[in-house]
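Student: Need the 3D shape of this:
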Amino acid sequence: MGNFKFTQIDIEGLVIVEPKLFGDERGYFMETYHEEEFKNNGISTSFVQDNQSMSKKGVLRGMHYQTRNPQGKLVRVLEGEVYDVAVDLRKGSPTFLKWHGIHLSCTNRKQFFIPEGFAHGFLVLSDVAVFSYKCTHFYDPGHESGLLWNDPKLGIQWPLDGLVQPSLSDKDANWKPLS
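Tutor: As a prediction, this is how the structure comes out:
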């Protein structure tokens, strides 16, 4: 058995990755990526860029995608907790426009692999969250696009916990609905 548990979910290509933790009273160690183990579990991709962001509670970043050089991502939380969402944008896919959400936190240590062809975003649930992601293509601002976070056609069930409106960038607040 390797150092990861890989769980395929109901939308083809999306994978929950749970690293094995080695710990004692001094702390812990875990691998967060191992190319061979990932390939042996159906994730055969190369990562070219690592990103990290810090956001406050109630911040929603997304739903982003690139129209050229789409990015696959391996995402995880280093501090705090987020609700992470991927939307299938692959035309011809039997799950086109379906979404999947997962709680990612520094305590559950889960990672979420989102292949190319998906929109991605997250909502910060803790006071602060530090979010890390590996990308399969470089960021290309000229071909960035997005989906409206609350588009009724998608019906994403964000855990707003009393928030009427999350904190959004101007760009994210102005994406157009699908209809």
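Student: mind listing the strands for this structure?
Tutor: Ranges of strands within the chain are 4-8, 15-19, 22-24, 27-29, 49-56, 60-66, 73-79, 81-88, 99-105, 111-114, 118-124, 128-135, 144-146, based on DSSP state E.
Student: Quick one, which of those strands gets closest to residue 158.
Tutor: strand 118-124 (5.5 Å; CB to CB). Heads up, the C-betas are built off the backbone N, CA and C, glycines and all.
Student: Which strands or helices does that closest one pack on?
Tutor: In terms of contacts (3 or more CB pairs under 8 Å, 6 or more residues apart in numbering; DSSP states H and E), strand 118-124 is packed against strand 60-66, strand 73-79, strand 81-88.
Student: which strands and helices sit next to the last one?
Tutor: Just to be clear, that refers to strand 81-88. strand 60-66, strand 99-105, strand 111-114, strand 118-124, strand 128-135.
Student: of the helices and strands packed on strand 118-124, which approaches residue 97 most closely?
Tutor: Using CB to CB, the helices and strands packed on strand 118-124 put strand 81-88 closest to residue 97, at 6.4 Å.
Student: residues making contact with the closest one?
Tutor: Strand 81-88 is contacted from outside by 11, 14, 62-63, 75, 95-107, 112, 114, 117-126, 129, 131, 147, 154, 156, 158-159, using CB atoms under 8 Å, 6 or more residues apart in numbering.
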